[in-house]
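Undergrad: below is the sequence, then the predicted model.
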Amino acid sequence: MTGKIELREGMGRSEGFFQMAWRRFRRHPLARLGGWVLLLLYLGALFADFLAPYPESKSFRQFSYAPPTHIFWRDTDGRLTRPYVCASERRRNLETFRVEVVTDCSKGRYPIYFFVHGEPYKFLGFIPANLRLLGGDWLVSEQAHLFIWGTDDFGRDLWGRIWYGARVSLTVGILATGLALIIGVFFGGIAGFYAGRPVTLSVGFANPEFRRYLRRGRPLLAWLKALGWTLVWLGLAWLLWITLQGFLQTSRGLEAILAGVIGVALLGAIGYFLIWQTVKLDLDTLIMRTTEVLAAIPDLFLLITLSVLIPQDIPPATRFMLVVSILSFVNWGGLARTVRSQVLQLREMEYAQAAQALGASDARTLTRHILPGTFTYLIVIVTLSIPSFILAESGLSFLGLGIQEPASSWGLLLSKAQQTGIIAFTERPWLLIPGLFILIAVLAYNLLGDGLRDALDPRSRR
């Protein structure tokens, strides 16, 4: 009898939203497959130094565009043995006049060992380590080498370069999506919450609002707002001065005088409104018109235009962050428009209206009661946006405007195949392997995103 009561009580328990979502997600085999594939790719990128037998920058110029190394599994008697590679050298074929890699086991055999100590590296950038997956005497020999997936134009091992490049290509997608998400949620939330309600922005030193804040006993808030708008005016003045300097270097006479007068008048007008006047702006109109301007410009054209402005001699880490910023700047508009539509609906809900009626500030109502209602959508949009950023970065690097040597990314590696033309398909197909990794990563993210969309849909009853 007790067991039946416990069974009935267990049957009466209700599942939470995320418990039901997890149960629905587990019933989506393709989404689970995409998740496992992405896990393997990110683990490979994390342990790239362990998987690669050679350091990222090590090259063998005499083995430029070398095909994958032949790995032997049997000895001369046909019995299975430890895998090994043989001595090899580049020779010109006198019949075809092509340079080929010729393997000659009579000149030496070099066994392949697993989990050996090789050249040192720093795991995660600061942990000293030297354990590598593959090793052997072929690492220090000049007669034998191991190129699992061949080499590129500089004779660098493509197997290792792909895993090193995965760090850039996969990380760019996450960082660019995260930054675009922050910008899109911020501006989309503000646009949706203040839609139809002009906002007063100016509290300058000479503004009546400043004295009103002082009389209300909030001097710290008054001074902070006044200082903030003064800094905005100084920042605009600096940008205007830099622009005028570039214009004055190429202009003389009446054009220079006219540009200076217009610049000073524009700066004075901005300062007048920010410091003396109370400015009322429709933030929804301002933000949405900005997103429409960005949407009117083709993404590829805008990406190329902004990427050309990046100097060529900057460090790879700095260039990486600039590429992430450019990708986020170009693609935050779509997120902002969708978040705005969600906020417009959620701000009319009873709990949001009750929070404002109880005296909650606009910031608290927006961050604590409205934006959490968009989280399920944001989880899905993140998984569907990351592939587009991976493709965008790969396209930029393929065109030579993204990640540059000596760093590596899948798009940059794929550009090596483009440089060789049709030969990459007929004689050097291993150069196309980075494109296969791009395809796999994008497909896995889309499968995972489809599964999350179905699982997090509250109308789903499966």
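TA: Arrived safely, thanks for sending. Numbering: from 1, shown residues only.
Undergrad: going by C-alpha atoms from here, please, whenever you check contacts or count neighbours.
TA: OK.
Undergrad: quick check: domain ranges of this structure?
TA: Domain assignment for the chain, taken from automatic domain parsing, gives 13-46+157-198+284-462, 56-150, 199-281.
Undergrad: what about stretch 82-89, average pLDDT?
TA: Averaging pLDDT along stretch 82-89 gives 85.
Undergrad: try stretch 132-146
TA: 82.
Undergrad: straight-line length of it, end to end?
TA: 14 Å (C-alpha to C-alpha, to the nearest Å).
Undergrad: mind listing what's buried along that stretch?
TA: 132-136, 138-139, 143-146 (16 or more other C-alpha atoms under 10 Å).
Undergrad: please apply the same query to stretch 436-449.
TA: For stretch 436-449, by 16+ other C-alpha under 10 Å, it's 437-438, 440-449.
Undergrad: list the contacts of Pro67.
TA: Residues in contact with Pro67 (C-alpha atoms under 8 Å, 6 or more residues apart in numbering) are 101, 147, 149-151, 428, 430.
Undergrad: where does the stretch 101-250 of the chain have low pLDDT?
TA: 199-218, 221-222, 243-250 (pLDDT under 70).
Undergrad: the buried residues of stretch 436-449 into CSV, with extra columns for pLDDT and distance to Ser409?
TA: As requested, the buried residues of stretch 436-449 are exported to CSV (pLDDT from 0 to 100; distance: C-alpha to C-alpha, whole Å):
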residue, pLDDT, distance to Ser409
Phe437, 92, 11
Ile438, 90, 10
Ile440, 92, 15
Ala441, 91, 13
Val442, 90, 15
Leu443, 91, 18
Ala444, 91, 18
Tyr445, 89, 18
Asn446, 87, 21
Leu447, 89, 23
Leu448, 88, 23
Gly449, 84, 24
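Undergrad: would you mind giving these as a markdown table with secondary structure and distance to Leu51 added?
TA: As requested, these are arranged in a markdown table below (DSSP: H, G, I helix; E, B strand; the rest coil; distance: C-alpha to C-alpha, whole Å):
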| residue | secondary structure | distance to Leu51 |
| --- | --- | --- |
| Phe437 | helix | 16 |
| Ile438 | helix | 19 |
| Ile440 | helix | 19 |
| Ala441 | helix | 19 |
| Val442 | helix | 22 |
| Leu443 | helix | 24 |
| Ala444 | helix | 22 |
| Tyr445 | helix | 23 |
| Asn446 | helix | 27 |
| Leu447 | helix | 27 |
| Leu448 | helix | 26 |
| Gly449 | helix | 29 |
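Undergrad: from the buried residues of stretch 132-146, pick the one nearest Leu43.
TA: Leu133 (13.8 Å; C-alpha to C-alpha).
Undergrad: same for the strand or helix carrying the closest one, what does it pack against?
TA: Per DSSP states H and E, Leu133 falls inside strand 127-135. Counting contacts by 3 or more C-alpha pairs under 8 Å, 6 or more residues apart in numbering; DSSP states H and E, strand 127-135 packs against helix 48-51, strand 113-123.
Undergrad: list the buried residues of the last one.
TA: With burial defined by 16+ other C-alpha under 10 Å, the residues of strand 113-123 counted as buried are 116, 118, 121, 123.
Undergrad: quick one: which two of those are the most distant?
TA: Val116 and Phe123 (15.7 Å).
Undergrad: what packs against the longest helix along the chain?
TA: Ranked by residue count, the top helix of the chain under DSSP state H comes out as helix 158-193. Contact partners of helix 158-193 among helices and strands, from 3+ C-alpha pairs under 8 Å, 6+ apart: helix 29-46, helix 48-51, helix 283-296, helix 316-346, helix 375-398, helix 410-420.
Undergrad: out of those, deepest packed?
TA: Mean neighbour count (mean count of other C-alpha atoms under 10 Å) peaks for helix 48-51 among the helices and strands packed on helix 158-193, with a mean of 24.
Undergrad: show me the contacts for Leu41.
TA: 166, 441.
Undergrad: from Trp73, how far out is it?
TA: From Leu41 over to Trp73 (counting by C-alpha to C-alpha), the distance is 27 Å.
Undergrad: next one: Leu306
TA: From Leu306 to Trp73 the distance is 51 Å (C-alpha to C-alpha).
Undergrad: so the two - more neighbours on which side?
TA: Leu306 (17 against 14; other C-alpha atoms under 10 Å).
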